[in-house]
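Visitor: give me the fold of what follows.
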Amino acid sequence: MTRSSKPGKQRLNQRDASMHVRRKRMRARLISDDPELQTIRRVTVRVGDEVEVIRGDFGHPNSAKSDTRGKRLGQSRGRAGVSGKIAKVDTTSGMIFIDGVTITTSDGKEEAIPIHPSNVIVTKLFEGDTLRLKRLLERTGGEME
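Guide: Residues are numbered from 1 along each chain as shown. Purely as a prediction, here's the structure:
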């Protein structure tokens with residue numbers, strides 16, 4: 001682990017990190033209504049978590065780009081608050097793919113758009129992994145029923 005504040009060394013360290021370290025670095029903010037999880041700030045993203053895109057092209061209104069919308073024409077881009085479940089987590093590129101966040105390719109196919117985990121907030125955790133929920137509650141000092 002490099003203890004440096006130089007951006008180049010940080011990027012080099014991220015590139016050369018082992019796969020399990022890269023996976024742990026894929027974290028996003030958690031905003032939950034659950035009072036037991038109020039003290040948890042960030043969680044590692046995983047398939048099944050419900051997220052909301054808050055930054056990037058899909059974090060702004062009117063993202064479905066057509067000839068009448070876009071930055072060049074003076075209108076805003078993106079779709080405000082696109083929500084969905086995480087469909088895939090790509091550890092090598094450090095990106096996640098969300099259900100409903102797609103773009104149409106030139107041959108008419110729907111293709112998922114990769115989004116960095118820092119550009120989303122987790123609104124609901126995947127309930128199927130009880131061990132993960134137990135560990136999160138241990139971090140808060142609470143216990144699971």
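
Visitor: make it CA atoms for all contacts and neighbour counts henceforth
Guide: Noted.

Visitor: residue ranges with poor pLDDT in this protein?
Guide: 1-2, 57-80, 142-145 (pLDDT under 70).

Visitor: helices of that one, start to end?
Guide: Using DSSP state H, the helices assigned to the chain run over residues 7-16, 19-25, 130-140.

Visitor: quick one: closest of the ones you listed to residue 118.
Guide: helix 19-25 (10.1 Å; Cα to Cα).

Visitor: how about that closest one as PDB, C-alpha atoms only?
Guide: Output of helix 19-25 as PDB, limited to C-alpha atoms (Å, rounded to 0.1, in the frame of the first residue of the first chain):
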ATOM      1  CA  MET A  19      -8.500  -8.500  -7.400                       C
ATOM      2  CA  HIS A  20      -9.900  -8.900  -3.900                       C
ATOM      3  CA  VAL A  21      -8.500  -5.400  -3.000                       C
ATOM      4  CA  ARG A  22     -10.200  -3.900  -6.100                       C
ATOM      5  CA  ARG A  23     -13.500  -5.500  -5.100                       C
ATOM      6  CA  LYS A  24     -13.300  -4.000  -1.600                       C
ATOM      7  CA  ARG A  25     -12.600  -0.600  -3.100                       C
END
